[in-house]
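# 3D, please:
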Amino acid sequence: MQARDTPSSGARGLLSCKCAMYRVVNRTRGTVLGTRVREARTFTSRLGGLLGSRGLSPGEGVWIAPCRCVHTVGMRFPIDVAFVDGRGAVIGVSGALPPNRISRFVRGARGALELPAGTLAETGTGIGDVLAFVEPGLP
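Reported below is the predicted structural model:
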């Protein structure tokens, strides 16, 4: 089994779920964006998202698919967001999106990767970079 450009399996909830978890690698820059990225593919898991969470620790993240826009309404912390197309290419970014905001709508996005604020800058991740979602146990 190989790394996927973007995940395709379903998830059953988010904050306390036993949902799919991935390591996300920026193939363009050879950096790791997250080692514990959960997948939110169901309506319920996307709706709840990070609400009620105290924040994301380094290495944590959430992959929301399908998704072309995110919000931080009701959240208490900023997040970085990378919008990714079906090939795994980053086609939009929102760095340190503050609480109680709505990101711009990103046409062509297949999903959104939510990460701790500062992750995109620290890894040099930007538009055009290609991400891979690696399943546990794969190099």
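# could you pull out the strands for this protein?
21-26, 31-40, 60-64, 79-84, 90-97, 111-116, 131-134 (DSSP state E).
# Just want the most central residue of this protein.
In the chain, the centroid-proximal residue (CA atoms, centre = their mean) is L113; its distance is 1.6 Å.
# How about the contacts made by it?
24, 33-34, 37, 61-64, 81-84, 131 (CB atoms under 8 Å, 6 or more residues apart in numbering). Glycine gets a C-beta too; all of them are placed from N, C-alpha and C.
# is it possible to export these to TSV including neighbour count, distance to S94 and pLDDT?
Listed next are those as TSV, based on neighbours: other CB atoms under 10 Å; distance: CB to CB, whole Å; pLDDT from 0 to 100:
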residue	neighbour count	distance to S94	pLDDT
V24	29	16	97
L33	26	14	98
G34	26	16	97
V37	23	17	95
G61	28	14	95
V62	28	14	94
W63	28	15	94
I64	23	13	92
V81	28	4	98
A82	30	8	98
F83	27	8	98
V84	28	13	98
L131	24	15	98
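# Next, the contact list for the nearest residue to T31 once chain neighbours are set aside, please.
Closest residue to T31 apart from its sequence neighbours, by CB to CB, 6 or more residues apart in numbering: T123 at 4.1 Å. T123 sits next to N26, R29, T31, V32, L33 when contact means CB under 8 Å, 6+ apart.
# how about those residues in CSV, adding distance to G92?
Listed next are the contacts of T123 as CSV, based on distance: CB to CB, whole Å:
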residue, distance to G92
N26, 15
R29, 17
T31, 19
V32, 21
L33, 15
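# Let's see the ChimeraX selection covering just the buried ones among these.
Applying 16 or more other CB atoms under 10 Å to the contacts of T123, the buried members can be selected in ChimeraX as follows:
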select :26,33
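# sorry, back to before: how about the strands of the chain, which one is nearest T72?
Proximity to T72 (CB to CB) singles out strand 90-97 among the strands of the chain, at 5.6 Å.
# and the closest one, what other elements does it pack with?
strand 79-84, helix 119-123 (3 or more CB pairs under 8 Å, 6 or more residues apart in numbering; DSSP states H and E).
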